[in-house]
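Peer 1: based on what follows, work out the 3D shape:
(2 chains)
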Protein chains: 2
Amino acid sequence: MSLSDIVGTPRAAAIAGEHPAPGEGSFDLGNFVLQSGITLREAKLAFKTHGRLNADKSNAIVYPTPYSAHHSDIEWPIGPGKALDPEKYFIIVPDMLGNGLSSSPSNTPPPFDRARFPNVTIQDNVVAQHRLVTEGFGVSRIALVVGWSMGAQQTFQWAASHPDMVTRIAPFCGTARTTPHNLVFLEGIKAALTVDAAWMGGWYEKQPTQGIRAFARVYAGWGFSQPFYKQQLYRQLGFSSLEDFLIGFWERRFLRRDANNLLVMLWSWQHNDLGATPGCGGNLEQALASIRAKALVMAGETDLYFTPQDIEYEASHIPGATFRVIPSVWGHQAGNGLSAVDSAFIDDALKGLLAST
Amino acid sequence: MSLSDIVGTPRAAAIAGEHPAPGEGSFDLGNFVLQSGITLREAKLAFKTHGRLNADKSNAIVYPTPYSAHHSDIEWPIGPGKALDPEKYFIIVPDMLGNGLSSSPSNTPPPFDRARFPNVTIQDNVVAQHRLVTEGFGVSRIALVVGWSMGAQQTFQWAASHPDMVTRIAPFCGTARTTPHNLVFLEGIKAALTVDAAWMGGWYEKQPTQGIRAFARVYAGWGFSQPFYKQQLYRQLGFSSLEDFLIGFWERRFLRRDANNLLVMLWSWQHNDLGATPGCGGNLEQALASIRAKALVMAGETDLYFTPQDIEYEASHIPGATFRVIPSVWGHQAGNGLSAVDSAFIDDALKGLLAST
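Peer 2: Numbers count the residues shown, from 1 in each chain, chains lettered A, B, ... in the order given. Coordinates of the predicted model:
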């Protein structure tokens, strides 16, 4: 048995091959060997499902989490009447390794805990998710893999690793390979966190909160666009001033998280490279060309680190892909469900993709 | 006497009203009252001059320093045959207050030293520079004020504070008022530096080098554009890899500086607002409209914090201003003399401006 701990539903209902009730769960990966060569023992993949798997198991959607998020943080596109409609689809939201719910520095017992938690790749995440989907739910064909930001990275990887299993993909505001500039942005936030002496090389007993706050303040400039700040659109989110937003949105957002977890996911992000998919010879363009899924690739018009130019370039190498720009001044956060207009744009686009064959 | 310490030239030659020989110097500001209300006692304005003041004192150019630079760091547009030709012009390069050569946290005696050094505005800098130019050199009409980045901020302020004194201005890659997003970027680098426990609230005895390195790594993502990094253009600057560039260019750049000095200039930058010019009622557009100088305003096409959009907006409020975009992927650094093509573009534009009447 691989499924356990479905919150609020009988364990029996969550057994592979049954029709699990919606809810949160944790899939036992057992001894999970990572690309790094380290074995994560008793590894767990946390997840949440919405809706029910249909009889022929043809209505599964996989929607992986982005950086630092939990499955509960990204539910804005899920709901009756929305593209990810739980009355039609069985939506699986797997938690990224390192996010604090799946196996992470913060929840792994010694000796692979905290600073010793191994490096995890996007490929590792998709291997784990593939086991959840196939062994856990008995699904062999996925109607859609969709994701924002690091969720988009996992979406590309799903399509390249399992070309015969994924019918459609909709990666948005993310790239199949991390660009050098994006890596530099991440070096900056990493430096801001790790310069805090309280971080102690990852061996802290108390969170290095000043470092996390510095990390958050650096992140703030990258997460939204220049015109977003000029137009004070943070007021639409209930913040009364710029400083109120920097603390109330950004610092709050990352103070909820564990520092080592943030750094593990950051490593996954920095090292994301679809070209490293087995059989692609380290070639990004070849990996993109191998994708067989019907692809809708979207970019935020003012995204500062997953730029429309970079995303369009990658989309141009996926056979038959549609590329669309989300017209928005919300920067990278155009895809995070914060702007009703942007969310409607994405929802409409996803509906169109799901309606197509 | 106001001029002293001209390096390598007799003090007598540097007296106001004479024709000082080219060289470095320091102008005694005496008890200099800042906008904050604090008096900087025995305040100094460091500077360097190139060329010689002509008989009718009509050939002066003022070229203020940008963030963290010394006058020797920005000499790329100065030279025979260049726009800032010392054979034609008397070029004064005043050092910004806080840069370590002019009065700064690092060189001011107690009790206004280090963390107690007062906040300094762009207006304060221009007041000090005006005294150097008028009292020090007896110049009452300036042929051109020109500056990059924070030098551009001082250039705008010169034109608004002294409309009848400044014939031409050429601010490039800088704004007359710091935008909210730019302020957030600066909050990020500030947070990265000050989270270092070795900073000690500014009362360090040894530089907080880890904080300065973190500051530099955050800065790296902002200073050049996304395509600059993708195209590995740092190789043109002699760096062998991205990491070599982050350390060898960025960390080196700021490790040369004092942490408190960096923070004082950062405060000046964050609070820059031409609208605060006396008589302008806090209104940016009114301040820009008051400029009488012939204005050439330039922006870097891929500048991430002084965006072309922001600069064009401001230029549109200056009567008769010409706005030009430097076609470049060097981001903000397009104006720093690193890219020969960009430097030639700027040099040509400055020559055109200087040739015009």
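Peer 1: now A:D113: closest residue in space that isn't a chain neighbour?
Peer 2: A:P105 (6.3 Å; C-beta to C-beta, 6 or more residues apart in numbering or on different chains). C-beta: built from backbone N, CA, C; applies to glycine.
Peer 1: before we move on, what's the pLDDT of the one you found?
Peer 2: A:P105 is assigned a predicted lDDT (pLDDT) of 98.
Peer 1: run through the residues that contact it.
Peer 2: With contact set as C-beta atoms under 8 Å, 6 or more residues apart in numbering or on different chains, A:P105 has these partners: A:98, A:113-115, A:117, A:202, A:258, A:260-261, A:263-264.
Peer 1: what's the closest of those residues to A:G151?
Peer 2: A:G98 (13.8 Å; C-beta to C-beta).
Peer 1: looks like the closest one contacts A:N261 (just checking).
Peer 2: Yes. Counting by C-beta atoms under 8 Å, A:G98 does reach A:N261; the two are 5.3 Å apart.
Peer 1: overlap in contacts of those two?
Peer 2: With C-beta under 8 Å, 6+ apart, A:G98 and A:N261 have common neighbours A:104-105.
Peer 1: neighbour count winner among the two?
Peer 2: The neighbour comparison of A:G98 against A:N261 (other C-beta atoms under 10 Å in any protein chain shown) goes to A:G98, with 31 against 23.
Peer 1: the closest residue to that one other than its chain neighbours: what secondary structure?
Peer 2: Of all residues not flanking A:G98 in the chain, A:V264 sits nearest, at 3.7 Å (C-beta to C-beta, 6+ apart). Classification of A:V264 by DSSP: H, G, I helix; E, B strand; the rest coil places it in helix.
Peer 1: number of residues surrounding A:E243?
Peer 2: Neighbour number of A:E243 under other C-beta under 10 Å is 10.
Peer 1: which helices and strands sit right next to the strand or helix carrying it?
Peer 2: A:E243 belongs to helix A:242-245 when assigned by DSSP states H and E. On a contact count with 3 or more C-beta pairs under 8 Å, 6 or more residues apart in numbering or on different chains; DSSP states H and E, helix A:242-245 meets helix B:180-194.
Peer 1: which residues does the residue nearest to A:G98 contact?
Peer 2: Contacts of A:V264 (C-beta under 8 Å, 6+ apart): A:97-98, A:104-105, A:117, A:119-120.
Peer 1: which of those lies closest to A:L237?
Peer 2: Distances from A:L237 to these, taken by C-beta to C-beta, are shortest for A:G98, at 26.7 Å.
Peer 1: which residues in the stretch 51-200 of chain A form strands?
Peer 2: All strands of the stretch 51-200 of chain A, identified by DSSP state E, counting those that start in this stretch, fall at A:60-62, A:90-94, A:144-148, A:168-172.
Peer 1: wait, which of those is closest to chain B?
Peer 2: strand A:168-172 (18.3 Å; C-beta to the nearest C-beta).
Peer 1: which other helices and strands does that closest one contact?
Peer 2: Looks like strand A:168-172 contacts strand A:144-148, helix A:150-161, strand A:294-300, helix A:340-355 (3+ C-beta pairs under 8 Å, 6+ apart).
Peer 1: TSV please, covering those and showing mean pLDDT and mean neighbour count.
Peer 2: Below are these laid out as TSV (pLDDT from 0 to 100; neighbours: other C-beta atoms under 10 Å in any protein chain shown):
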stretch	mean pLDDT	mean neighbour count
strand A:144-148	98	29
helix A:150-161	98	28
strand A:294-300	98	25
helix A:340-355	98	17
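Peer 1: of all these, which lies closest to chain B?
Peer 2: strand A:294-300 (12.7 Å).
Peer 1: with adjacent residues omitted, what lies nearest to A:G188?
Peer 2: Closest residue in space to A:G188, ignoring its immediate chain neighbours: B:V218 at 3.6 Å, by C-beta to C-beta, 6+ apart.
Peer 1: what's near enough to touch the one you found?
Peer 2: A:188-189, A:191-192, A:218, B:188-189, B:192.
Peer 1: farthest-separated two in the residues you listed?
Peer 2: A:I189 and B:I189, at 11.7 Å, using C-beta to C-beta across those.
Peer 1: these two touch, right, A:D310 and B:S225?
Peer 2: No. Counting by C-beta under 8 Å, A:D310 stays clear of B:S225, with 12.0 Å between them.
Peer 1: around chain B, which positions in the stretch 101-250 of chain A sit nearby?
Peer 2: Taking C-beta under 8 Å from any C-beta of the partner chain, the part of the stretch 101-250 of chain A that reaches chain B is made up of A:179-185, A:187-192, A:194-197, A:210-211, A:213-214, A:217-222, A:224-230, A:232, A:242, A:246.
Peer 1: so where is the stretch 1-150 of chain A shaky, pLDDT-wise?
Peer 2: Residue ranges of the stretch 1-150 of chain A with pLDDT under 70: A:1-21.
Peer 1: change it to 50
Peer 2: Flagging of the stretch 1-150 of chain A using pLDDT under 50 yields the residue ranges A:1-19.
Peer 1: if we can go back for a sec, for ChimeraX, what selects the buried ones among the contacts of A:P105?
Peer 2: Per 16 or more other C-beta atoms under 10 Å in any protein chain shown, the buried members of the contacts of A:P105 correspond to this ChimeraX selection:
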select /A:98,113,114,117,202,258,260,261,263,264
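Peer 1: would you list every one of the helices in the stretch 201-350 of chain A?
Peer 2: With DSSP state H, counting those that start in this stretch applied, the stretch 201-350 of chain A shows helices at A:209-223, A:226-230, A:242-245, A:252-255, A:259-270, A:284-289, A:308-315, A:340-355, listed in chain order.
Peer 1: can you list contacts of the third one?
Peer 2: Spelled out, it's helix A:242-245. By C-beta under 8 Å, 6+ apart, helix A:242-245 touches A:220, A:229, A:232, A:234, A:237, A:239, B:180, B:183-184.
Peer 1: OK, contacts around A:T322?
Peer 2: Counted by C-beta under 8 Å, 6+ apart, A:T322 has contacts A:295-297, A:315.
Peer 1: and of these, the nearest to A:Q153?
Peer 2: Using C-beta to C-beta, the contacts of A:T322 come closest to A:Q153 at A:V297, 12.4 Å.
Peer 1: list the contacts for the nearest residue in space to that closest one that is not next to it in sequence?
Peer 2: Spatial nearest neighbour of A:V297, chain neighbours left out: A:A315 (3.9 Å); criterion: C-beta to C-beta, 6+ apart. Taking C-beta under 8 Å, 6+ apart, we find A:A315 in contact with A:295, A:297, A:321-323.
Peer 1: apply 6 Å and report the result again.
Peer 2: A:297, A:321, A:323 (C-beta atoms under 6 Å, 6 or more residues apart in numbering or on different chains).
Peer 1: what about the second one, how many neighbours?
Peer 2: Spelled out, it's A:A321. A:A321 has 19 nearby residues by other C-beta under 10 Å.
Peer 1: what's across from A:D28 in the sheet?
Peer 2: Beta-bridge pairing for A:D28 (DSSP bridges): A:K44.
Peer 1: need the residues of the stretch 251-357 of chain A near chain B, please.
Peer 2: A:T307 (C-beta under 6 Å from any C-beta of the partner chain).
Peer 1: ok, back up a step: go through the contacts of A:A315 and say which is closest to B:K351.
Peer 2: Taking C-beta to C-beta as the measure, B:K351 lies nearest A:F323 of the contacts of A:A315, at 42.8 Å.
Peer 1: might one say that the closest one is in contact with A:M298?
Peer 2: No. Applying C-beta atoms under 6 Å as the test, A:F323 and A:M298 come out as separate, 7.6 Å apart.
Peer 1: before we move on, the earlier item: just put the contacts of helix A:242-245 in JSON lines and tack on pLDDT, neighbour count and distance to A:G335.
Peer 2: Shown next, in JSON lines, are these (pLDDT from 0 to 100; neighbours: other C-beta atoms under 10 Å in any protein chain shown; distance: C-beta to C-beta, whole Å):
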{"residue": "A:A220", "pLDDT": "98", "neighbour count": "25", "distance to A:G335": "17"}
{"residue": "A:Y229", "pLDDT": "98", "neighbour count": "23", "distance to A:G335": "18"}
{"residue": "A:Q232", "pLDDT": "98", "neighbour count": "13", "distance to A:G335": "21"}
{"residue": "A:Y234", "pLDDT": "98", "neighbour count": "23", "distance to A:G335": "17"}
{"residue": "A:L237", "pLDDT": "97", "neighbour count": "12", "distance to A:G335": "15"}
{"residue": "A:F239", "pLDDT": "98", "neighbour count": "17", "distance to A:G335": "20"}
{"residue": "B:P180", "pLDDT": "98", "neighbour count": "16", "distance to A:G335": "22"}
{"residue": "B:L183", "pLDDT": "98", "neighbour count": "19", "distance to A:G335": "25"}
{"residue": "B:V184", "pLDDT": "98", "neighbour count": "25", "distance to A:G335": "20"}
